[in-house]
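Student: Please find the sequence and the predicted model below.
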Amino acid sequence: MSRRTGSADLPLHGGRVPAWLGQRMTRLGAVMCQAIAIEYGREELLRRLAHPFWFQCFGAVMGMDWHSSGITTSVIGALKRGLAPLSGELGLHVCGGRGRHSRATPAELLAVGERTGVDGAALARTSRLVAKVDSAAVQDGFDLYLHAFIVADDGRWVVVQQGMHGARKQARRYHWLSEGLESFVDAPHAAIDGPGQGRIVNLADRRAAASREAQVGLLRELGPARLVREFGRIAPPASRAAPAGATGDLFAAAAPEEADAMQPHLALPDHHDVRADDVVLRRLHGNLAAAAACGPGDFAELLQVPGVGARTVRALALVAEVLHGAPCRFTDPARFSLAHGGKDRHPFPVPTRVFDRTLDVLKTAVGQARLGQAETLAAIRRLDAQARRLEATARGPSLDALLAEERRQSHRYGGCSVFGWEPAPVTADGQARRGAR
């Protein structure tokens, strides 16, 4: 069966990504996907996109709101724009999206099939079936509004879907992975992300096999019209509703081994600000110590990218972890927002100059690797390894102190948010301080 990788609670947020951030997300998402494909292969990139924890951290390091359901929409949009020109090189195609774009998925998959030779019609049927399973077979109160289908030239694919519960202002994200998939109706999900709502009806669970067979049998035996009449006859009136605490759950008697196999649950809070409880501080101190140990001058000389300073190296340490980190290290998405901030000024305004330098470094590294010169990508990989080695002993500032300093320096870093550019602080002599990297 396909692998389950965990779940997460996502507050439902509206709004749009401003153009200045959307363009940067597109470029950063594309170059990071290139780096992963070069280092680990296309199949590994698909596996990561099917991992809900990694997906959330990927969006957080790109400057989106770290805990928001909007990460799903913005990351899919960025990848669709950024990977389209690279489809020939990477052999990856992003179809679908939000709203009307989701309804265009089958047609887009047919077009991919015509270009690449994969069975586009079969992929289109898969797209419809996946959407039907998450909208009908899994009855959890969330209405699907986003459906993205990422397919490789060899036919392997990942589906990312998201549903909303407007009354509760919550979202649930579903991940599908074709690798190891044996059945669309027997525990097919790679993961389901979303707020716990108590017991739900999940007819795609393997324990519901008998229920699925019984439903089909009843439909054949009685027919739709008679089945509706019989249901109306036996349905209990409101006065005979189940007592409080009764669930009537089809799957309550789960086998002990299934309970033991429960994956970690990532609960993302409603608050926008990044708090100490949202970050694994020892990992953050490891990131900071690795950046300091490299030395800005030496690192800039190694990467041959002018203008790279200490702040950019700090961002690169977090980006490096998204590129190379083990799955267990993505339980605190808030930490990755400390690379490039967030569009709503949480944890701080997006430092656009730092963001652009990060892009320069990664573009240089990927460009050199494509020419057979892998030293730059190897240096970024060592930066991540250094962070892991140092986190056991590293010490550093408190999160509050780090965020306060970042906000003080925001104008110097080209800080920007949906509220506009950060103003320059005025010094004692009335002069504005200049920018830095």
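Tutor: Sure, I can see it. Residues are numbered from 1 along each chain as shown.
Student: any idea how far the residue most central in space within the chain is from V151?
Tutor: Taking CA atoms, centre = their mean, the centroid of the chain lies closest to F55, which sits 2.2 Å from it. Using CB to CB, to the nearest Å, F55 is found at 17 Å from V151. In this view, the C-beta of every residue, glycine as well, is placed from N, C-alpha and C.
Student: for H411, same thing?
Tutor: Using CB to CB, H411 is found at 44 Å from V151.
Student: The two - which one has more neighbours?
Tutor: Just comparing H411 and V151: by other CB atoms under 10 Å the higher neighbour count belongs to V151, 27 against 21.
Student: Chain neighbours aside, what residue packs nearest to that one?
Tutor: Excluding its sequence neighbours, the residue lying closest to V151 (CB to CB, 6 or more residues apart in numbering) is W157, at 4.3 Å.
Student: looking at it, that neighbour is touching L123, isn't it?
Tutor: Yes. Under the criterion of CB atoms under 8 Å, W157 makes contact with L123 at 7.0 Å.
Student: Check I200 and give its pLDDT.
Tutor: If you check I200, the pLDDT there is 45.
Student: Pull the distance from stretch 375-384 to the chain's centre.
Tutor: 23 Å (CA atoms, centre = their mean, to the nearest Å).
Student: no, scratch that, I was asking about stretch 71-87
Tutor: How far stretch 71-87 lies from its chain's middle: 12 Å, per CA atoms, centre = their mean.
Student: State the mean pLDDT of stretch 416-433.
Tutor: Mean predicted confidence for stretch 416-433 is 80.
Student: What's the mean pLDDT across the helix or strand that R311 is a member of?
Tutor: Using DSSP states H and E, R311 maps to helix 310-324. In this model, helix 310-324 carries a mean pLDDT of 94.
Student: ok, back up a step: list the contacts for the residue nearest to the residue nearest to the centre of the chain when sequence neighbours are not counted?
Tutor: Of all residues not flanking F55 in the chain, L49 sits nearest, at 6.3 Å (CB to CB, 6+ apart). Contacts for L49 (CB atoms under 8 Å, 6 or more residues apart in numbering) come out as 55, 150, 158, 160, 175.
Student: of all those, which comes closest to A334?
Tutor: Distances from A334 to those, taken as CB to CB, are shortest for F55 (14.8 Å).
Student: Could I get the pLDDT score of the closest one?
Tutor: Residue-level pLDDT assigned to F55 equals 95.
Student: cool, and G70?
Tutor: 93.
Student: Excluding residues flanking it in the chain, which one is nearest it?
Tutor: Ranked by CB to CB, 6+ apart and with sequence neighbours excluded, the top spatial neighbour of G70 is H13, at 4.8 Å.
Student: For A374, grab phi and psi.
Tutor: phi -90, psi 10 (degrees, to the nearest 10).
Student: where's the closest residue to it other than its chain neighbours, which helix or strand?
Tutor: Nearest non-adjacent residue to A374, counting by CB to CB, 6+ apart: Q368, 7.4 Å away. Element membership for Q368, per DSSP H and E: helix 352-370.
Student: Which residues does that helix contact?
Tutor: 20, 24, 27-28, 31-32, 34-35, 38, 63, 303-305, 307-309, 311-312, 315-316, 319, 339-340, 374-377, 379-380, 413-416, 435, 437.
Student: Of those residues, grab the buried ones for ChimeraX.
Tutor: The following ChimeraX line selects those of the contacts of helix 352-370 that are buried, judged by 16 or more other CB atoms under 10 Å:
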select :24,27,28,31,32,34,35,38,63,303,305,308,309,311,312,315,316,319,339,340,376,377,379,380,413,414,415,416,437
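Student: Just the contacts of helix 352-370: which are in strands?
Tutor: The strands, defined by DSSP state E, take in 415-416 from those.
Student: Just the pLDDT at the residue nearest to F142 when sequence neighbours are not counted, thanks.
Tutor: Once flanking residues are discounted, F142 sits nearest to G163: 3.1 Å by CB to CB, 6+ apart. pLDDT, G163: 89.
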